[in-house]
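A.B. asks: Build me a model:
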Amino acid sequence: MLQAFAAAFRTPDLRRKLLFSLAIIAVYRLGASVPGPGVSVPAINSCLDQANSGAQQDVYSLVNLFSGGALLRLSVFALGIMPYITASIIVQLLVVVIPRFEMLKKEGQSGQAKLTQYTRYLTIALAVLQSTGIIALARSGQLFPGCAQELIPSNSIWTTIVLVISLTAGTAVIMWLGELLTEKGIGNGMSVLIFTSIAARIPAEGGAILQSRGGLIFTLVCVLAVLIIASVIYVEQAQRRIPVQYAKRMVGRRMYGGTSTYLPLKVNQAGVIPVIFASSLLYLPQLLTQLQGDSTGAVRRFVEDYLVDQTSSVHIAVYFALIIFFTYFYVSITFNPEERADDMKRYGGFIPGIRPGRPTAEYLQYVLSRITLPGSIYLGLVAVLPNFFLSVTQEGQNQNFPFGGTAVLIMVGVGLETVKQIETQLNQRNYEGFLR
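C.D. replies: Numbering: from 1, shown residues only. Next up is the predicted model:
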């Protein structure tokens, strides 16, 4: 692997892409450290110290995860890439619902460009809404419950407008940086930025475990983290390969077809989307109770005892069930067996032993439902790992512990995809690559 890295930097074109990608990542991390206009940095630092020592639940931890900790610091990149992720998911769901979007998806590159443009517009709209909400929560004291510091000293409308514009512009800049990474860098621009945000938090989390629990627990956590990452890599690479045979056909004076290939169906067909959906849905009850302000109501006590407490069996069971449900839901809207069967029939392909058309679609649906179950269980188990880590590390109610849950799924997935892209670049230049 070291020889492959050396070969990558010896290649001028690939070296330029890698250095450009590192420069974009540095700019992204620099923006995550620049405070927004009108924000009191000493008050932010004081509230962060109090939150870390108090080990309180962070209802905004999912957004804070994707922003690399910039949200709680109210920096210009506070919203991170979360508005773009939400907009992308919404557009993907609308493709199934709105016929116009479905037609654009089938038009190829031109239709995909229009869908991307719609995603950008929706991202800006969501960024305006989220930045306004975050500013309102910061002024009301809900961003850091129990901290009496004034995060935004000025209450003028002008300060609010400038701060909203700054946070929205930060999201637009992140979108632009991600597109630059995709076009001129190593690719997977948005995913690489998310990977960078998550990786930036690991040293601080590891240092907190080392200081609070000692070297033995820290070593055990590191060993367990390596085992978890190896297991996630194994499952992420697992796939069911359905053999596909293409019949020979004469086009003009040439013979085409007659080849054998396969249709790969991944065990984790849905990726990390079900975990994001389930996490967001579980945050809603606590967010609503905080906005309601009723500290003695029965509903709030139930939410705090069973849904907020991530070590409770009710929270783990609900979280696990939601992940399984959203896995089946997302796979059903992203993979259409009838469409795949029609495409195979149109180009003369068939599965050996299965008739083309509806029988092929039914067979694909049967196989997909069989492999989605272990994939959903795998996602659920990895996602609830932080709940078991809490009892060992006692690092507070942090849903996004760096060695499990959403963080490890995203890091492993993005890391594998990035290595594959660099491997492809090396193979094009007759190098051995990373995997031998």
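
A.B. asks: Burial check on the closest residue to Gly38 other than its chain neighbours, number of neighbours?
C.D. replies: Excluding the flanking residues, the one nearest Gly38 by CB to CB, 6 or more residues apart in numbering is Thr159, at 4.4 Å. Glycine gets a C-beta too; all of them are placed from N, C-alpha and C. Per other CB atoms under 10 Å, the neighbour tally for Thr159 reads 16.

A.B. asks: ditto for Gly413
C.D. replies: Neighbours of Gly413 (other CB under 10 Å): 20.

A.B. asks: The longest helix along the chain - what's its average pLDDT?
C.D. replies: If each helix of the chain is counted by residues according to DSSP state H, the longest one is helix 109-140. If you average the pLDDT over helix 109-140, you get 87.

A.B. asks: helix or strand for Arg301, which one?
C.D. replies: Per DSSP states H and E, Arg301 falls inside helix 298-302.

A.B. asks: Quick one: name whatever helix or strand follows that helix.
C.D. replies: Later in the chain than helix 298-302, the nearest helix or strand by DSSP H and E is helix 313-334.

A.B. asks: Would you mind extracting the C-alpha trace of that next one into PDB?
C.D. replies: Listed next in PDB are the C-alpha coordinates belonging to helix 313-334 (Å, rounded to 0.1, in the frame of the first residue of the first chain):
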ATOM      1  CA  SER A 313     -34.200  -0.900  26.600                       C
ATOM      2  CA  VAL A 314     -37.200   1.000  25.100                       C
ATOM      3  CA  HIS A 315     -34.900   3.500  23.300                       C
ATOM      4  CA  ILE A 316     -32.800   0.700  21.900                       C
ATOM      5  CA  ALA A 317     -35.800  -1.400  20.800                       C
ATOM      6  CA  VAL A 318     -37.500   1.600  19.100                       C
ATOM      7  CA  TYR A 319     -34.300   2.700  17.400                       C
ATOM      8  CA  PHE A 320     -33.600  -0.900  16.100                       C
ATOM      9  CA  ALA A 321     -37.200  -1.300  14.800                       C
ATOM     10  CA  LEU A 322     -37.100   2.100  13.100                       C
ATOM     11  CA  ILE A 323     -33.900   1.200  11.300                       C
ATOM     12  CA  ILE A 324     -35.300  -2.100  10.000                       C
ATOM     13  CA  PHE A 325     -38.500  -0.400   8.800                       C
ATOM     14  CA  PHE A 326     -36.600   2.400   7.000                       C
ATOM     15  CA  THR A 327     -34.200  -0.100   5.400                       C
ATOM     16  CA  TYR A 328     -37.100  -1.900   3.800                       C
ATOM     17  CA  PHE A 329     -38.700   1.400   2.900                       C
ATOM     18  CA  TYR A 330     -35.700   2.900   1.300                       C
ATOM     19  CA  VAL A 331     -34.700  -0.200  -0.600                       C
ATOM     20  CA  SER A 332     -38.200  -0.500  -2.000                       C
ATOM     21  CA  ILE A 333     -38.100   3.100  -3.500                       C
ATOM     22  CA  THR A 334     -34.500   2.900  -4.800                       C
END
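
A.B. asks: so what does it touch, helix or strand wise?
C.D. replies: If contacts are counted by 3 or more CB pairs under 8 Å, 6 or more residues apart in numbering; DSSP states H and E, helix 313-334 sits against helix 82-97, helix 273-292, helix 358-383, helix 385-393.

A.B. asks: what angle do that helix and helix 82-97 make?
C.D. replies: Using axes from the mean of the first three to the mean of the last three CA atoms, to 10 degrees, the inter-axis angle of helix 313-334 relative to helix 82-97 is 50 degrees.
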